[in-house]
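**Student:** just need the structure, nothing else, for what follows:
(one chain, ligands or ions: 1)
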Amino acid sequence: MKRIRIAVLSLAVLPLMMSRVAAQATGGKDLYDANCKKCHGVLGVPPKLMKEKFPKLAPFDAAFLAKNNVDAIVGILNKGKGTDMKPVKDKLSAAEIASIAAYVKELASKK
Ligand code: HEC
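**Tutor:** Have a look, this model is predicted:
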């Protein structure tokens with residue numbers, strides 16, 4: 001009986017531990033989803049309506065990555081770009097900006 005209880009307990013705890021690890025690894029994704037997804041799209045491809053509203057929106061893809069490394073992305077997040085890409089440095093910490101930039105690079109390198 002005791003052994004069964006231990007087995008049930010570890011089955012219950014394991015997903016909890018795993019979800020905590022996943023949450024750490026996806027910090028950039030959560031921040032991106034909360035702050036960027038609306039305009040840039042869930043996978044870095046702007047939704048059609050946004051593209052119509054902001055014609056300069058370009059997908060995060062290989063061509064984007066060829067022109068922008070992580071430092072350049074951090075720079076855009078700190079300073080903004082054009083009239084519609086607002087800087088986020090007053091809203092997010094340097095660490096948060098760094099993890100979003102890494103996530104944007106990850107999205108771009110998948111295309
Ligand atoms: C209100 C819509 C909007 C939101 C929200 C937004 N952006 Fe943008 N973003 C734009 C537009 C529009 C441009 C194009 C600006 C230009 O070139 O004039 C742009 C440009 C960029 C660029 C440069 C792309 C290139 O091809 O040079 C990067 C990188 C970027 N955004 C990242 C982000 C990230 C990361 C976030 C979230 C923190 C974010 N943006 C939030 C609208 C948005």
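**Student:** what residue in this structure comes nearest to the ligand?
**Tutor:** In the chain, the residue that lies nearest the ligand is Gly82 (2.2 Å; C-beta to the nearest ligand atom). For every residue, glycine as well, the C-beta is placed using N, CA and C.
**Student:** pLDDT at that residue, what is it?
**Tutor:** In this model, Gly82 is scored at 96, pLDDT.
**Student:** one more: Leu16?
**Tutor:** Confidence score, pLDDT, at Leu16: 50.
**Student:** same deal with Lys111?
**Tutor:** As predicted, Lys111 sits at a pLDDT of 83.
**Student:** would you mind measuring from it to Asp30?
**Tutor:** According to C-beta to C-beta, to the nearest Å, Lys111 stands 21 Å off from Asp30.
**Student:** just to revisit the earlier point, ok, now which ones touch the residue of the chain closest to the ligand?
**Tutor:** Counting by C-beta atoms under 8 Å, 6 or more residues apart in numbering, Gly82 touches Lys56.
**Student:** what bits of this protein have low per-residue confidence?
**Tutor:** Along the chain, segments meeting pLDDT under 70 span 1-26.
**Student:** what residues does it put near the ligand?
**Tutor:** Residues of the chain found near the ligand (C-beta under 6 Å from any ligand atom) are 35-36, 38-40, 54, 56-58, 64, 73, 76-77, 81-82, 84-85, 88, 100, 104.
**Student:** just the buried members of these?
**Tutor:** 35-36, 40, 54, 57, 64, 73, 76-77, 85, 88, 100, 104 (16 or more other C-beta atoms under 10 Å).
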